[in-house]
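1. my questions concern the predicted model and sequence given below.
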Amino acid sequence: MRSDKNTSAPLGLKVAAGAGLLFLHLPILLIFLYAFTTEEKSYQFPPPGYTLKWFAAAWNRPDVWDALGLSVRVASISTAVALVLGTLCAAAVSRTRFFGREAVSLLVILPIALPGIITGIALRSAFSFVDIPFSFWTIVLGHATFCVVVVYNNAVARFRRISGSLVEASMDLGADGFQTFRYVILPNIGTALLAGGMLAFALSFDEVIVTTFTAGQQSTLPIWMLEELVRPRQRPVTNVVAMVVVLVTFLPILAAYYLTRDGDQVAGSGK
Amino acid sequence: MSTDTSILSRRTGALGQLSDTFWRKPKILLFLMLTPPLLWLGVIYLGSLFALLLQSFFSIDDFSGLINYDFTLDTYRQLLIPSNFDIILRTVVMATLVTLASAAIAFPIAYYAARYARGKWKVIFYLGVMLPLWSSYLVKVYAWKLILAKEGILTWIFAKLHLTWLLDAWLSLPVIGGSSLSISYTGTFIVFIYVWMPFMILPIQAALERVPGNLIEASADLGGNPAQTFRHVLFPLALPGIIAGSIFTFSLTLGDYIIPQIIGSSRLFIGQAVYAQQGTAGNIPLAAAFSVVPIVIMGLYLWMAKRQGAFDAL
């Protein structure tokens, strides 16, 4: 039996680990503070006063709503495409052995293994090469490509845990392939797909590097944010939007964690 | 008795027959499953990548600004002129420093989570890493713009501690300094660490969780002090995890163009050079050649990582 159960950590390690976690979290918390500041011209700390009026100001900004709407639509469609492609790929790779299996998994991982700027510029030059004008669909094309891997990773981990005999039992009991899929496989992989889908949504919702190359004049929420960062116009509104984005992205991550926590591989460990 | 030897009769209806066909010829099913994802990734992604690589062998006509579609290595030669080569060197040095610093900060967190955190604390550590990892990239950069601003919290803390002289002394240093933290290499470095370090923690934790606790105890029993145990036992066993994590920190720093643009001096990194060349300069061949640099570096890096067994720790 392992004997390390009751040993406690050396003080130095505790401090280093705690300080590391604080380093990760304090900057995000600071955003929350700034959402309430009365100062609008600079990033002055401590804020001279606190107010709620920027929430109303952000609420009444049509450009924020337009950007949010576009982001949600792009993320929804990209997630749907990624769910189909990622699941198909995961099923093929984990159920059967075939020539080029390794190459397929490498191909799926490549879009996030290479820096985003390469994916972005590659897509952009391909669009101009075949004369595709920038549109909603060019953004989706880029996003779906790197979202596939998130769904794929979750689905592969789950497929590994489903015993092959379950499928055989279903077939032995007279179910055809479609019934087996509907009543045996789908309920088993359902939560993994849901988790993968949520992570894909979060990934797409937040993506900016590839999007700058595929969006043309359109502005998703991250692009809106980027413009505010480069040329600040109304800082308090940006503060509020930043805070809301943090809160909104926490939800799918927490949900994905709780959906897959019983497994050997928890969702989200690879972004 | 019919000639059909199966116990169940053949299925009727189009769906039933289709299902039977898939069962008899699994290759058809496999083909149908693989075609959509492979078409998507193969045509859209690999196709674009290939088109990009192809463009790096073209050149741009200096007078007309049009692309000259003859095969040439001139564009690659341009990467070697001092101003461009400096960009590459600067980016690689930054990526290396960020990776080393990330490993140093990530290790204690990963070690504590792997060896000491139990039950509730395990969950807290996991989510404590996962939430910053997944929270919005731009929001994280923005948070640091608030922190590093001249009128921001960091300057305030230094003033409260009566250490303003220290900050000023640091900022007056030649290369890493600047007129404020948000427009210095130091700022860029800190933000890079902040944004990419979480990617280092989980692979190290995964590697450390496979180290049995009694190995550490054995080392202590044999007279090793904590530093020796770390040097000769823990570190070698964690190395595949560190390398796996460094793939992310290194690759992500190498290709980033937003962080140095928002927080940093005006000196370019590879990502910014690619962006500027394809955008304002309109020199797609040079942009393509620049983007081949991270691909080649990452290719070498992945090849080395594979030899070290880093992929088992992913």
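-> Received the coordinates, thanks.

2. which residue, other than its chain neighbours, is closest to the residue in the stretch 201-314 of chain B that chain A sits nearest to?
-> As assessed by Cβ to the nearest Cβ, chain A sits closest to B:Gly255 within the stretch 201-314 of chain B, at 2.0 Å. C-beta: built from backbone N, CA, C; applies to glycine. Nearest residue to B:Gly255 in three dimensions, chain neighbours excluded: A:Pro115, at 2.0 Å (Cβ to Cβ, 6 or more residues apart in numbering or on different chains).

3. who touches that neighbour in this structure?
-> Counting by Cβ atoms under 8 Å, 6 or more residues apart in numbering or on different chains, A:Pro115 touches A:209, B:251-252, B:254-256, B:271, B:294, B:298.

4. and if you look at A:Glu168?
-> If you count contacts by Cβ under 8 Å, 6+ apart, A:Glu168 has none.

5. any idea of the pLDDT on it?
-> In the prediction, the pLDDT value recorded for A:Glu168 is 83.

6. can you tell me the element it falls in?
-> Element membership of A:Glu168 [criterion: DSSP states H and E] is helix A:164-172.

7. on that earlier part again, out of the contacts of A:Pro115, which are inside strands?
-> Counting by DSSP state E, these place none of their members in strands.

8. secondary structure class for residue 31?
-> Just going to use chain A. Classification of A:Ile31 using DSSP: H, G, I helix; E, B strand; the rest coil returns helix.

9. find the residue at the geometric middle of chain A.
-> Closest residue to the average C-alpha location of chain A: A:Leu203 at 2.3 Å, with Cα atoms, centre = their mean.

10. on that earlier part again, the residue of the stretch 201-314 of chain B closest to chain A against A:Thr119, yeah?
-> No - contact criterion Cβ atoms under 8 Å: B:Gly255 and A:Thr119 do not qualify, at 9.3 Å.

11. all strands for the chain, in order.
-> I'll assume chain A. Taking DSSP E, chain A contains no strands at all.

12. sorry, should have said chain B
-> Using DSSP E, strands in chain B cover B:59-60, B:67-68.

13. of those, which approaches B:Lys150 most closely?
-> Proximity to B:Lys150 (Cβ to Cβ) singles out strand B:59-60 among these, at 40.4 Å.

14. okay, the strands of chain B, which one's buried deepest?
-> Compared across those, strand B:59-60 shows the largest average neighbour count, a mean of 22 (mean count of other Cβ atoms under 10 Å in any protein chain shown).

15. what about it, average pLDDT?
-> For strand B:59-60, mean pLDDT is 81.

16. distance from the chain centre to it, please.
-> Strand B:59-60 sits 31 Å away from the centroid of its parent chain (Cα atoms, centre = their mean, to the nearest Å).

17. stretch B:135-152 too?
-> Remark: stretch B:135-152 is offset 20 Å from the chain centroid, using Cα atoms, centre = their mean.

18. C-alpha coordinates for that stretch, PDB please?
-> Output of stretch B:135-152 as PDB, limited to C-alpha atoms (Å, rounded to 0.1, in the frame of the first residue of the first chain):
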ATOM      1  CA  SER B 135     -10.900  31.500 -19.900                       C
ATOM      2  CA  SER B 136     -10.800  33.900 -22.700                       C
ATOM      3  CA  TYR B 137      -7.400  34.600 -24.100                       C
ATOM      4  CA  LEU B 138      -8.100  38.300 -24.800                       C
ATOM      5  CA  VAL B 139      -9.600  38.800 -21.400                       C
ATOM      6  CA  LYS B 140      -6.400  37.500 -19.900                       C
ATOM      7  CA  VAL B 141      -4.300  39.800 -22.000                       C
ATOM      8  CA  TYR B 142      -6.700  42.700 -21.100                       C
ATOM      9  CA  ALA B 143      -6.300  41.900 -17.400                       C
ATOM     10  CA  TRP B 144      -2.600  42.400 -17.800                       C
ATOM     11  CA  LYS B 145      -3.000  45.600 -19.600                       C
ATOM     12  CA  LEU B 146      -4.800  46.900 -16.500                       C
ATOM     13  CA  ILE B 147      -2.100  45.500 -14.200                       C
ATOM     14  CA  LEU B 148       0.900  46.700 -16.100                       C
ATOM     15  CA  ALA B 149      -0.400  50.100 -17.000                       C
ATOM     16  CA  LYS B 150       1.600  53.100 -15.600                       C
ATOM     17  CA  GLU B 151      -1.300  54.100 -13.400                       C
ATOM     18  CA  GLY B 152      -2.200  50.400 -12.700                       C
END
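
19. how about the closest residue to chain B within chain A, phi and psi?
-> Relative to chain B, the nearest point of chain A is A:Pro115 (2.0 Å; Cβ to the nearest Cβ). Per-residue torsions, A:Pro115: phi -60, psi 140 (degrees, to the nearest 10).

20. got it, and A:Pro10?
-> Here is the backbone geometry of A:Pro10 (degrees, to the nearest 10): phi -60, psi 150.

21. one step back: hang on, the residue nearest to the centre of chain A packs against A:Val150?
-> Yes - under the criterion of Cβ under 8 Å, A:Leu203 makes contact with A:Val150 at 5.8 Å.
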